[in-house]
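> Let's see this in three dimensions:
(one chain, ligands or ions: 2)
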Amino acid sequence: MDYPRLSSPLTIKNTTFKNRIVFPPVQTNYAAPNGETTERHINFYEGIAKNNVGLTIVGAAGISPFSRLGDHAFCLYDDQHVQSGRELFEAIRKGGSVPAVQINHGGRVMNPKLAGDKLIGPSAIPSPSTDRIPHELTVEEIEEIIGQFVLTAENAKKAGARLVELHGAHSFLLNQFMSPAANKRTDQYGGSTENRARMVREILKKIRQRVGEDFVLGLRMSVEEFVEGGLTVQESREMIKMFIEDGLDIIHVSGGGVDSGPKMIQAAEKGDLIKLAGRIKKDMNIPVIAVGGVLKLEQVENALQEELADMVAIGRGLIADPELVTKTIEGRSEEIVECTGCMQCFMPSEDPGMACAVNENI
Ligand SMILES: Cc1cc2nc3c(=O)[nH]c(=O)nc-3n(C[C@H](O)[C@H](O)[C@H](O)COP(=O)(O)O)c2cc1C
Ligand code: SF4
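Ligands and ions are numbered 1, 2, ... in the order given. Take a look at the predicted model:
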């Protein structure tokens with residue numbers, strides 16, 4: 001089979017992706033305890049980037065010491081991380097992929113061992129998946145966190161990333177602020193759609209001022225949270241239009257998260273997340289990345305041809321076999337080591353990091 005749409009390049013501003021395949025952010029927990037990259041971390045991303053993947057997004061980098069999803073999470077909040085990040089992004093670039101990084105604060109659903117003296121959130125209400133009540137952030141504290149996101153994005157650019165993706169999905173802090181279920185504030189950061197979008201809007205505008213017009217800014221969003229009273233596609237579309245005014249260049253569509261329990265992966269496996277991407281893409285004037293349950297290039301080509309997305313991400317499929325795309329293009333599909341969907345790899349927050357049941361080389 002030919003893959004004409006999949007193999008066509010895409011250019012955003014002055015960054016060209018050689019094809020439409022994305023490796024989405026995954027929290028590997030392969031960095032050093034101080035957040036610097038390591039040989040294992042670099043080798044993992046290099047193995048994917050050199051195998052015909054147009055965009056490689058490094059997973060959930062911490063924006064401060066107490067924002068991290070793992071005790072060995074990669075971070076970019078200070079100069080030592082910039083220095084170590086250069087090696088990581090250069091390895092991805094040399095592999096022929098555009099180097100990118102997702103930046104994140106875990107907020108109320110973090111592993112409490114990693115949260116410092118307190119868990120934080122928009123409101124003092126727990127996630128449906130935990131019974132831990134977070135501290136409701138003050139406006140001064142919100143401003144401090146906005147500054148941390150901005151500095152981390154600037155550091156990512158200094159280290160050689162060509163795209164920064166804000167993590168606004170999967171029930172983490174920025175998702176919590178956008179969510180009508182998690183955010184019950186009565187000040188300028190809560191209530192109306194505009195108020196719940198405000199934190200992300202301020203971050204986008206400030207990052208844009210600091211990184212210039214050419215740098216590519218992305219956002220990952222759980223456009224349906226799959227929880228009672230949570231975000232829906234309709235409200236997410238309104239927010240995304242606001243974010244485009246603030247300088248957003250590309251939107252990465254996901255759904256659900258920690259709050260929704262297994263519904264995110266169930267939706268991924270049924271192909272429902274890709275359908276959500278299609279609903280976001282309709283009349284939206286920036287490129288859309290779709291994700292979820294893709295193990296074959298036919299699925300990518302079909303999603304592109306059906307105008308459900310402009311790029312398609314393959315997560316677990318590439319963890320199981322980083323050569324998935326190369327082997328398919330070269331007519332060696334029968335050699336692909338296929339992901340079984342067992343979820344052994346999922347979100348390790350403590351050492352020894354991500355392991356895969358079918359790929360012992362990571
Ligand atoms: C081990 C693991 C870690 C993940 N870490 C992140 C993360 O840091 N940030 C994020 O936005 N999504 C994360 N995800 C979700 C993936 O990016 C992706 O959306 C999900 O796996 C569905 O895509 P797939 O069916 O192609 O695997 C993670 C998924 C896995 C399996
Ligand atoms: S651990 Fe299981 S679900 Fe995760 S990539 Fe490997 S085979 Fe797939």
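> just for the stretch 201-350 of the chain, where's the confidence low?
Along the stretch 201-350 of the chain, no part satisfies pLDDT under 70.
> Would you mind naming what in it lies close to ligand 2?
By C-beta under 6 Å from any ligand atom, the part of the stretch 201-350 of the chain that sits against ligand 2 consists of 316, 319-320, 339-345. All C-beta atoms are positioned from the backbone trio N, CA, C, and that covers glycine.
> Strands - which of those land there?
Under the assignment DSSP state E, those contribute nothing to strands.
> Can I get those in a markdown table including neighbour count?
What follows is these, written out as a markdown table (neighbours: other C-beta atoms under 10 Å):
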| residue | neighbour count |
| --- | --- |
| 316 | 25 |
| 319 | 22 |
| 320 | 23 |
| 339 | 24 |
| 340 | 12 |
| 341 | 13 |
| 342 | 12 |
| 343 | 12 |
| 344 | 11 |
| 345 | 22 |
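> Among those residues, which are located in helices?
Counting by DSSP state H, these place 316, 319-320 in helices.
> How about the secondary structure of the nearest residue in space to residue 123 that is not next to it in sequence?
Closest residue to residue 123 apart from its sequence neighbours, by C-beta to C-beta, 6 or more residues apart in numbering: residue 184 at 4.4 Å. Following DSSP: H, G, I helix; E, B strand; the rest coil, residue 184 is assigned to coil.
> And for residue 82, the neighbour number?
18 (other C-beta atoms under 10 Å).
> contacting residues for the residue in the stretch 251-362 of the chain that ligand 1 sits nearest to?
Minimum separation of the stretch 251-362 of the chain from ligand 1 (C-beta to the nearest ligand atom) falls at residue 315, amounting to 2.9 Å. Residue 315 is in contact with 23-24, 26, 291, counting by C-beta atoms under 8 Å, 6 or more residues apart in numbering.
> where exactly do the strands run in the stretch 51-200 of the chain?
Along the stretch 51-200 of the chain, the segments classed as strands by DSSP state E, counting those that start in this stretch run 55-62, 98-104, 120-121, 135-136, 163-168.
> Among those, which comes closest to ligand 2?
So among the strands of the stretch 51-200 of the chain, strand 55-62 is nearest, using C-beta to the nearest ligand atom, at 13.5 Å.
> angle of that closest one against strand 98-104?
30 degrees (axes from the mean of the first three to the mean of the last three C-alpha atoms, to 10 degrees).
> elements contacting strand 55-62?
Contacts defined by 3 or more C-beta pairs under 8 Å, 6 or more residues apart in numbering; DSSP states H and E place strand 55-62 against strand 21-23, helix 39-49, helix 79-94, strand 98-104, strand 163-168.
> contacting residues around the closest residue to ligand 2 within the stretch 101-250 of the chain?
With C-beta to the nearest ligand atom, the shortest gap between the stretch 101-250 of the chain and ligand 2 falls at residue 170, namely 16.3 Å. Contact analysis of residue 170 by C-beta under 8 Å, 6+ apart lists 220, 222, 254, 256-258, 264.
> Show only the entries of the residues you listed found in strands.
Among these, the residues falling in strands (DSSP E) are 220, 222, 254.
> and ligand 1, which of the residues you listed contact it?
When contact is defined as C-beta under 6 Å from any ligand atom, these meet ligand 1 at 220, 254.
> now the ones in strands among the contacts of residue 170 in CSV, with neighbour count?
CSV is the format used below for those (neighbours: other C-beta under 10 Å):
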residue, neighbour count
220, 28
222, 28
254, 28
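> So residue 11 lies in a strand, does it not?
Yes - counting by three-state DSSP, residue 11 is part of a strand.
> Quick check: it vs residue 310, distance?
11 Å (C-beta to C-beta, to the nearest Å).
> before we move on, what about residue 58?
21 Å.
> Which one's more surrounded, those two?
residue 58 (29 against 22).
> Run a quick check on the more buried one versus residue 102, I expect a contact.
Yes - Residue 58 lies in contact with residue 102 (C-beta atoms under 8 Å); the separation is 6.8 Å.
> which residues do these two both contact?
With C-beta under 8 Å, 6+ apart as the test, residue 58 and residue 102 both reach residue 25.
> mind checking the SS state of residue 244?
Once three-state DSSP is applied, residue 244 turns out helix.
> residues touching it, list them.
Residue 244 makes contacts with 284-286, as judged by C-beta under 8 Å, 6+ apart.
> Now restrict the residues you listed to buried residues only.
For the contacts of residue 244, a neighbour count by 16 or more other C-beta atoms under 10 Å gives the buried set as residue 286.
> ok, the contacts of residue 244 vs residue 200, which is closest?
residue 286 (14.7 Å; C-beta to C-beta).
> isn't that closest one right next to residue 251, touching?
Yes - counting by C-beta under 8 Å, residue 251 is a contact partner of residue 286 at 6.1 Å.
> who's in contact with residue 176?
107-108, 121-122, 182-183.
> give the contact list for the nearest residue to residue 333 once chain neighbours are set aside.
Excluding the flanking residues, the one nearest residue 333 by C-beta to C-beta, 6+ apart is residue 327, at 6.2 Å. By C-beta under 8 Å, 6+ apart, the residues touching residue 327 are 321, 333, 335-336.
> Selecting buried members of those residues in ChimeraX, what would you type?
The buried residues among these can be selected in ChimeraX (16+ other C-beta under 10 Å) with this line:
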select :321,336
